[in-house]
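Enquirer: just coords:
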């Protein structure tokens, strides 16, 4: 018999995609989320916060109406401690009730939270991250805001309580696994992000090499896309006949994906050890990912042969050098394209990841 599973919250299509894989394996899955804000991903229950002055109260009323039906699940998984668009103080009692009324609760470590901020700022096990370069803390506006938001606040207390009370913690990237494993080694379990396998883009056989970068204007400096864009512009300026640069600036996901589908190389995640969902989606289509591809990324997956990611260090020069290696080398680009698809199929395909989640849930 299949399990009855509630996935609460969304981050870059992780829960919506996971739900598809789990349903294909015979489980009953409900996704309740806000669709990850403007990205508007699929969900069964809409938990988007209404606009206006009373949006929070209206969302709380909606959650209250659903609470009696959010009971008796085998597993409830939270995408993040802030799985609702409410203050942490409002979320805490929702979590406590869900913990009491359901068999198992699982905390997802897929993005910004207290353990990520605290570990990167204080313990610094990573050579670089969103918050540090070596022993130096980053002081851009976004990093400072997140530190103020998560350290010594109600969000920290909520995150600590959920980590303590949950039955398991699932991490989606090597970096998050490092942070949570240090605090909760018995509970923490790494499972890669799930990615649908689409039709691949046309292999590159020469002509203009189309570089693609997505810019979230509000977080460009924090994510390093400002540096990556500068490097790409320099390379494109040196090779006007050989390189075409495409930039998507805070566009809806459908438009973003359409631009991606006609590109060859994606630039993503300057300060990451590993590609996140955007990079993984691009790789699944056959784009070459220039970004985070450190040895640890492959080690945690047990991958010993495929090396499709063009790894860069967090500097403009490193990104420029990486891009220069691809210009005028269609045989290298086409090989990395094929390896990217093979990598996603081996480690991130929805059915592969759903099977790992199934085993994890059953082990609870």
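Expert: Here it is on my side, so go on. Worth saying up front: this structure is predicted, and the values here are computed from it rather than measured.

Enquirer: Return the set of buried residues in the longest helix seen in the chain.
Expert: Looking across the chain with DSSP state H, the single longest helix is helix 330-347. Using 16 or more other C-beta atoms under 10 Å as the test for burial, helix 330-347 gives 333, 334, 336, 337, 339, 340, 341, 343, 344, 347. Any C-beta I mention is one placed from the backbone N, CA and C, and that applies to glycine too.

Enquirer: Who are the packing partners of the helix or strand of the chain with the lowest mean pLDDT?
Expert: Using mean pLDDT, DSSP states H and E, the weakest-scoring helix or strand in the chain turns out to be helix 220-223, at a mean of 84. In terms of contacts (3 or more C-beta pairs under 8 Å, 6 or more residues apart in numbering; DSSP states H and E), helix 220-223 is packed against helix 141-150.

Enquirer: How about residues contacting the least confident helix or strand of the chain?
Expert: With contact meaning C-beta atoms under 8 Å, 6 or more residues apart in numbering, helix 220-223 is reached by 130, 140, 141, 142, 143, 216, 226, 229, 269, 270, 271.

Enquirer: Model confidence for the fourth one, exactly?
Expert: It stands for residue 142. Predicted confidence (pLDDT) for residue 142: 91.

Enquirer: Show me what residue 215 bridges to in the sheet.
Expert: Per DSSP bridges, the residues bridged to residue 215 are residue 249.

Enquirer: my guess is it meets residue 228, correct?
Expert: No - between residue 215 and residue 228 there is no contact under C-beta atoms under 8 Å: 9.2 Å.

Enquirer: Neighbour count for the two, which is higher?
Expert: Higher neighbour count among residue 215 and residue 228: residue 228, with 27 against 17, using other C-beta atoms under 10 Å.

Enquirer: OK, contacts around that one?
Expert: For residue 228, the contacting residues are 213, 267, 268, 270, 290, 291, 319, by C-beta under 8 Å, 6+ apart.

Enquirer: taking these one by one, which sit in strands?
Expert: Among the contacts of residue 228, the ones falling in strands (DSSP state E) are 213, 267, 268, 290, 291.

Enquirer: Go ahead and build a ChimeraX selection from the buried members of the residues you listed.
Expert: Typed into ChimeraX, the line below selects the buried ones among the ones in strands among the contacts of residue 228, using 16+ other C-beta under 10 Å:
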select :213,267,268,290,291
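
Enquirer: Any chance of JSON lines for the ones in strands among the contacts of residue 228, columns pLDDT and distance to residue 79?
Expert: JSON lines is the format used below for the ones in strands among the contacts of residue 228 (pLDDT from 0 to 100; distance: C-beta to C-beta, whole Å):
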{"residue": "213", "pLDDT": "96", "distance to residue 79": "26"}
{"residue": "267", "pLDDT": "97", "distance to residue 79": "26"}
{"residue": "268", "pLDDT": "94", "distance to residue 79": "20"}
{"residue": "290", "pLDDT": "98", "distance to residue 79": "27"}
{"residue": "291", "pLDDT": "97", "distance to residue 79": "23"}
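
Enquirer: With respect to residue 248, which of the ones in strands among the contacts of residue 228 is nearest?
Expert: residue 213 (7.4 Å; C-beta to C-beta).

Enquirer: separation between the closest one and residue 68?
Expert: According to C-beta to C-beta, to the nearest Å, residue 213 stands 46 Å off from residue 68.

Enquirer: try residue 320
Expert: In this view, residue 320 and residue 68 are 57 Å apart by C-beta to C-beta.

Enquirer: Neighbour count for the two, which is higher?
Expert: Ranked by neighbour count (other C-beta under 10 Å), residue 320 and residue 68 place residue 320 first, with 19 against 8.

Enquirer: I'd say that one and residue 236 touch.
Expert: No - assessed by C-beta under 8 Å, residue 320 is found out of contact with residue 236, at 10.8 Å.

Enquirer: Check what contacts the longest helix of the chain and list those residues.
Expert: 192, 195, 197, 200-201, 203-206, 209, 264-265, 280, 282-289, 301, 303, 306-310, 325-326, 352.

Enquirer: Could you rerun that using 7 Å?
Expert: Residues outside helix 330-347 that contact it (C-beta atoms under 7 Å, 6 or more residues apart in numbering) are 192, 195, 197, 200, 203-206, 209, 264, 280, 283-284, 286-289, 301, 303, 306, 308, 326.
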